[in-house]
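Asker: Based on what follows, work out the 3D shape:
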Amino acid sequence: MVLLKHGNEAPRRGLSHDARFGARRAFRAPRYALPVVFVTMVLAGCEAEAPSAEVAPVPAPALAPPAVPPLHGAAARGEMTSLGALLASGVDVDGRGVGRRTALMFAADGGSGAAAEALLAAGADPDARDASEVTALMLAARRARLDVMALLLDAGAGIDLANDQGTTALMDAIRSRNADAVALLLDRGADLAPASKLGWTALHFAAASRNRAIAELVIARVDDLEVRDAAGMTAYLHAAEEGNVANLALLEERGVDVAVVDRNGMNAMDHALKQKIWPAVRHLAPLVQPSRMAHLVALYPEAQAALEAAGFDPTSFAAKAADSR
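Answerer: Okay, here's the model as predicted:
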């Protein structure tokens, strides 16, 4: 077998002029010409090396899931005998497991109240944070673990600590839609003022919530109902965007500005129409100026049927607008 040299030089020994010429052209010819060149070389007595077959990629070995430390596993399963033995052996009560979580976090997230109580009695840090700055209280609030929440607060857990997204245990409880967990935190003095990285306060989360009891708990305790998030949205606009008619009515009873707009100039009706939430559209229609409503009905033909179903005559908005001129 004859191997070709680097560059445009063809091997000279044992090849005729035509074979050498063909080999030189192989380095200048486009890819589609290569088969022809190899045929020329073979006919001239030059052996061409066949391309090697493709080798299938070797899959990477599967990674085994991270092992759960024995203390964490016992806490998660509520195995009190094992938990007691491990604590008595002197194991680090605040040792880290998956996601840098402690055994107390495992107990708060799904274990038993007895496990959480035993870990706290053994000196577990109630304010330890995982890789996302989440605390055991936040995990318990998400799960509405009222018994664990009370244990943690009694042990001095920081009620207003925030995770890496700026959300607190109170915000987590609101998002979990558990009014009892929200009430517990509010009764224990949770602050309503902190804002997440997106500027959402507990009020914004409550206004967007589908739980009327939570909205009533929060709205009744907030003085400034016009506070805005990073997008210029108020609680009223969030309620409209989610189509939450009950929360819209609650905020209206408190005297909020129903004509408020966000930083893009969108009001409550704009948000309800954009999301095509017709119950909210029907609720907001009487609050919108007739000229504006006539324009919106023209933009959103689907809104006409929703308004007619609520007893509104869509053409009346244009008539009212004309009369007001």
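
Asker: Relative to the whole chain's centre, how far out is the host helix or strand of Ala76?
Answerer: Assessed by DSSP states H and E, Ala76 sits inside helix 70-77. Centre-to-centre, helix 70-77 and its host chain are 28 Å apart (CA atoms, centre = their mean, to the nearest Å).

Asker: i'd like the first residue to be 36 from this point on
Answerer: With 36 as the first residue, the last one maps to helix 105-112.

Asker: C-alpha coordinates for whatever helix or strand Leu308 lives in, PDB please?
Answerer: Per DSSP H and E, Leu308 falls inside helix 303-309. The C-alpha trace of helix 303-309 is given here as PDB (Å, rounded to 0.1, in the frame of the first residue of the first chain):
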ATOM      1  CA  ALA A 303     -56.400  46.200  34.800                       C
ATOM      2  CA  MET A 304     -58.700  45.700  31.800                       C
ATOM      3  CA  ASP A 305     -55.800  45.500  29.500                       C
ATOM      4  CA  HIS A 306     -54.300  42.700  31.500                       C
ATOM      5  CA  ALA A 307     -57.600  40.800  31.800                       C
ATOM      6  CA  LEU A 308     -58.200  41.100  28.000                       C
ATOM      7  CA  LYS A 309     -54.600  40.100  27.200                       C
END
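
Asker: Pull the distance from that helix to the chain's centre.
Answerer: 23 Å.

Asker: Output the contacting helices and strands for it.
Answerer: helix 270-276, helix 313-319, helix 325-334 (3 or more CB pairs under 8 Å, 6 or more residues apart in numbering; DSSP states H and E). (Glycine included, C-beta is placed from N, CA and C.)

Asker: Can you tell me the closest non-neighbouring residue to Gly224?
Answerer: Ile194 (6.5 Å; CB to CB, 6 or more residues apart in numbering).

Asker: for Asn282, same thing?
Answerer: Ala274 (4.1 Å).

Asker: now the end-to-end length of stretch 288-299.
Answerer: 26 Å (CA to CA, to the nearest Å).

Asker: Tell me which residues of the helix holding Leu308 come out buried.
Answerer: 303-308 (16 or more other CB atoms under 10 Å).

Asker: ok, residues contacting it?
Answerer: 271-272, 274-276, 278, 283, 293, 295, 301, 315-316, 319-320, 322-323, 327-328, 331, 334-335, 338 (CB atoms under 8 Å, 6 or more residues apart in numbering).

Asker: What of stretch 239-259?
Answerer: 206, 209-210, 212, 214, 217-218, 221, 227, 237-238, 260, 262, 264, 268, 270-271, 273-274, 276-277, 279, 281-282, 285-286, 289.

Asker: Go ahead and report the secondary structure state at the most centrally placed residue in the chain.
Answerer: The centroid of the chain falls nearest to Gln200 when counting by CA atoms, centre = their mean (10.3 Å). Following DSSP: H, G, I helix; E, B strand; the rest coil, we place Gln200 in the coil state.
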